[in-house]
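Enquirer: coordinates for the following, if possible.
(2 chains)
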2 protein chains.
Amino acid sequence: MRQDLSDHAPETELAENQEVSHDLLPRRVEAIREALAAEDKAKVNALLLALHDADVAALLENLSVEDRRDLVPLIRLEERPDVLAELDENVRDEVISQLSVAETAAAVASLETDDAVYVLETLDASEQRQVLASIPRLERLLLEEALSYPEDSAGRLMQRELIAVPNFWSVGETIDHLRYMHAQMPDRMPYAFHEIYVVDPGHRLEGSVSLDRLVCAAHAAPLASIMIRELRVLRTDTDQEEVAVLFRKRDLIAAPVVHDTSGRLVGVITIDDVVDVIDETYEDEIMHLGGVGADDLHRHTLATARARFTWLLVNLGTAVLASLVIGMFDATIEHMVALAVLMPIVASMGGNAGTQTLTVFVRALAMRELTTSNALRVIAKELLVGLINGGLFAVIAGGIAWLWFDSPFIAGIIGAAMIINLVVAALAGAIIPLVIERLRVDPAVASAVFVTTVTDVVGFFAFLGLASWFIR
Amino acid sequence: MRQDLSDHAPETELAENQEVSHDLLPRRVEAIREALAAEDKAKVNALLLALHDADVAALLENLSVEDRRDLVPLIRLEERPDVLAELDENVRDEVISQLSVAETAAAVASLETDDAVYVLETLDASEQRQVLASIPRLERLLLEEALSYPEDSAGRLMQRELIAVPNFWSVGETIDHLRYMHAQMPDRMPYAFHEIYVVDPGHRLEGSVSLDRLVCAAHAAPLASIMIRELRVLRTDTDQEEVAVLFRKRDLIAAPVVHDTSGRLVGVITIDDVVDVIDETYEDEIMHLGGVGADDLHRHTLATARARFTWLLVNLGTAVLASLVIGMFDATIEHMVALAVLMPIVASMGGNAGTQTLTVFVRALAMRELTTSNALRVIAKELLVGLINGGLFAVIAGGIAWLWFDSPFIAGIIGAAMIINLVVAALAGAIIPLVIERLRVDPAVASAVFVTTVTDVVGFFAFLGLASWFIR
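Expert: Prediction:
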């Protein structure tokens, strides 16, 4: 949460708040480019000052490598550390390589712990050590502790800054305390908070009080009487996707995190971090379904080519497999070339139908809408859909083949193969993701290639096999 | 926001809060099924009482149609209206068809306006009129107004319940007012709120004060001194995806909405609604990329088959187009059957490479990371990646073909066709989504079929065309 608690919002935020649309980005890029080309530093500074941190990050991502290199020294990232946290990982690596260790450390130290950890965890081990060594001790210990939690855990996601008060305080005492802290020790306050946490003398969590409850309660009311006992325990080792599930289901905006062994209250996760997790999870799923890495757009050309090569190589393997099936029937094809002309239709329809089923199953698994209690019913539905559409397309494709080659024989073969392949596609599209999920592999990554392999092989085999069997 | 402001959280929530995991769903389904089969109403009620509204909705979605029909009358949805709001649209239609108009109206009336609108907008026009007619006048007018805003607009998404105070009040007066309202008129309070809004006598928005600012400020401070002037104006007609962009970029948890013509403050959008928009947007994108509708899982078999048929029919058209290309070269294939065996390899590799590029571009467009300022650079990168991988796979596939058919001629042809098709795939995967976006059509829906059509046609044409040209 980067909302400013100081008494006046910075002017830049006011100016920028007006603009809901992202469509301004190309104009901003153009303006910065011109100012950089003219070496007009005052102009660049004025442009940067008018932008929200998130917009500066978007600007950096949109510039060419050369323009970016020129711009970075002018941003003074140690004063605008949130720009680093907003950047895509590949671009951030590049930007940080331009900063001194001291500059990076200054930027990291002034971020909230969750954002600081987010930036630190993408550095390589030696850079990370160097940067940490340049950060003041107290802050460093907090960050090192956060980095000791597993990747993608609540411990990495949480911020350490939170408001915890003793369980015997009243509403009035709590508000007085907040006013005092804000006036006297603003540095020790979180940037923004939505709940306060009630702890026992051992700093173990007893409950939470949302601020709307706090301001609505009577001055003298004891906190214990208005707090919600916190039994939805997020622990430092809870997986971040579990965290997202809980936030979504309970419409939370913040949730406390306790240490996995000591049970002490150690941090708080806020909804903005959860939205980032949600974005990341979907992004991964879409990119994996498309056979690319999540950060493909901002990777360098060679790195992109290499990453995609692997996926294409797997695909080449499956294509060769399909070719081997065709090769089994080369004599039949030689005898009747029309088969070669039509055979991709059966395979392609199977591939598309399989992908439809696969998409529904991968999505349902990700949303946890597919369980042992409804899986059989949904698979049966898929089979029926495959049979219905298989029958319809048997007639349509058969009709086309008949008209084209004036051959009821070919029409019959393509029709039968279509039904077989669409039913197999439904089965493969449903069962393959379920099996892959059981093997604890992400079904979005691996399912598509298996499904299309099955539909290619079965498509060619059914069509050519039936033809050769009848021609014999 | 469904957090309860009453002084004690309901016991059921306490019991349920403990369970982060969804893995309990199958066991719950089993338990409910057994209780329903045994007609043990007390058991069913006990099971339902222990569940959060979101879990009851998940349970309903997971039951068979028959079990669902038995369970619905036992839930008393007019007392647990949030269950309706949490349900998938298809299942909700089915459930509502079991309720009387009075029951549905009672449920809708006790929802917050945003959730009530969400339920109402999926009813058909006559049902909607009937239900609205049974809702008390004041509530009905609010709902009718909300329904008058465009679909997917901020006006539909917002809730009407909010805290607005005059611009001359102090912090102390505001807190006293909140305490008074909460004690005397709890019905007129929102379930949960995170900001209060400062308005002029014409109810026009002047600024917002987050609750953390409010509780930290001095008792006597005027609100005007701590409010943030609201210049990020969401209007009732702002598109919901614009809303999501703003929330994400500014890490907001709530934002006020003003009427598009009068400028009066009319509602507030909270982050939980935005998370639903984010989910819905991604869900649509993934499902459309896979050639299925967003609500495919919960549709009836025939409706599913019909919806998918359309997509498969389009695909059949493109497959026939590819077959026509093959048909142009039937004499060449008859002369050299190895071409028929190998031709799917070139087409399939092109399809996969095109899908990779397409995925990156569709994603970048959706995240607004692709603008006129970087499009050319990214397209150039794609072409280079296509050329690099085209070259590599030309060698690999050429090698395989050489070994398999002992023919340097076929190896050369497949290599050349591979380079051509992977470069064309990069170009098609990049440019087709850009063009489709320009035509104001969702690129996730329409791009894939065009890209694979191009890669199929070019793949077959390049491979067979080159072969026939050299054989002549």
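
Enquirer: C-alpha only now, for contacts and for neighbours.
Expert: Will do.

Enquirer: all strands of chain A, in order?
Expert: A:164-166, A:195-199, A:205-210, A:228-229, A:234-235, A:254-258, A:265-270 (DSSP state E).

Enquirer: can I get these in TSV including mean neighbour count and mean pLDDT?
Expert: Shown next, in TSV, are the strands of chain A (neighbours: other Cα atoms under 10 Å in any protein chain shown; pLDDT from 0 to 100):
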stretch	mean neighbour count	mean pLDDT
strand A:164-166	20	95
strand A:195-199	23	94
strand A:205-210	22	93
strand A:228-229	20	88
strand A:234-235	24	92
strand A:254-258	24	94
strand A:265-270	25	93
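
Enquirer: how about the residue nearest to A:Arg229 when sequence neighbours are not counted, what does it touch?
Expert: Among residues not flanking A:Arg229 along the chain, A:Gly207 sits closest, at 4.1 Å (Cα to Cα, 6 or more residues apart in numbering or on different chains). Applying Cα atoms under 8 Å, 6 or more residues apart in numbering or on different chains, we find A:Gly207 in contact with A:197-199, A:224, A:227-230.

Enquirer: of those, which is the nearest to A:Thr281?
Expert: A:Glu230 (26.9 Å; Cα to Cα).

Enquirer: got any ranges where chain A has weak pLDDT?
Expert: Low-confidence segments of chain A (pLDDT under 70): A:1-23, A:230-231.

Enquirer: try it again at 80.
Expert: A:1-26, A:187-188, A:230-233, A:368, A:373, A:445-446, A:472 (pLDDT under 80).

Enquirer: where's the residue positioned nearest the centre of it relative to B:Val245, distance?
Expert: Centroid-nearest residue in chain A, with Cα atoms, centre = their mean: A:Glu280, separated by 1.3 Å. In this view, A:Glu280 and B:Val245 are 15 Å apart by Cα to Cα, to the nearest Å.

Enquirer: ditto for A:Gly429
Expert: 34 Å.

Enquirer: kindly report the same for A:Leu384.
Expert: Remark: distance between A:Leu384 and B:Val245 (Cα to Cα) = 40 Å.

Enquirer: on that earlier part again, A:Gly429 and B:Val245: which is more packed in?
Expert: Higher neighbour count among A:Gly429 and B:Val245: A:Gly429, with 31 against 18, using other Cα atoms under 10 Å in any protein chain shown.

Enquirer: number of residues surrounding the residue nearest to that one when sequence neighbours are not counted?
Expert: Sequence neighbours aside, A:Leu358 is the residue nearest to A:Gly429 in space, at 4.2 Å (criterion: Cα to Cα, 6+ apart). Applying other Cα under 10 Å, we find 29 other residues in the vicinity of A:Leu358.

Enquirer: isn't A:Leu358 up against A:Ala448?
Expert: Yes. Using Cα atoms under 8 Å, A:Leu358 is in contact with A:Ala448, at 7.2 Å.

Enquirer: A:Glu145 and chain B, how far apart?
Expert: Separation of A:Glu145 from chain B (Cα to the nearest Cα, to the nearest Å) stands at 24 Å.

Enquirer: try A:His335
Expert: Distance of A:His335 to chain B, given as Cα to the nearest Cα: 8 Å.

Enquirer: what about that residue, neighbour count?
Expert: Counted with other Cα under 10 Å, the neighbours of A:His335 add up to 14.

Enquirer: do A:His177 as well
Expert: Other residues near A:His177 come to 15 when the count uses other Cα under 10 Å.

Enquirer: again with A:Ile419
Expert: That count, for A:Ile419 with other Cα under 10 Å as the rule, works out to 25.

Enquirer: residues contacting it?
Expert: Counting by Cα under 8 Å, 6+ apart, A:Ile419 touches A:386-387, A:389-391, A:393-394.

Enquirer: 6 Å - rerun?
Expert: Each residue near A:Ile419 by Cα atoms under 6 Å, 6 or more residues apart in numbering or on different chains is listed here: A:390-391.

Enquirer: measure it to A:Val346 for me?
Expert: For A:Ile419, the distance to A:Val346 - Cα to Cα - is 9 Å.

Enquirer: swap in A:Asn62?
Expert: From A:Asn62 across to A:Val346, the span is 43 Å (Cα to Cα).

Enquirer: show me which of the two is the more surrounded one.
Expert: Legend: neighbour count by other Cα under 10 Å for A:Asn62 and A:Val346, higher for A:Val346 (30 against 25).
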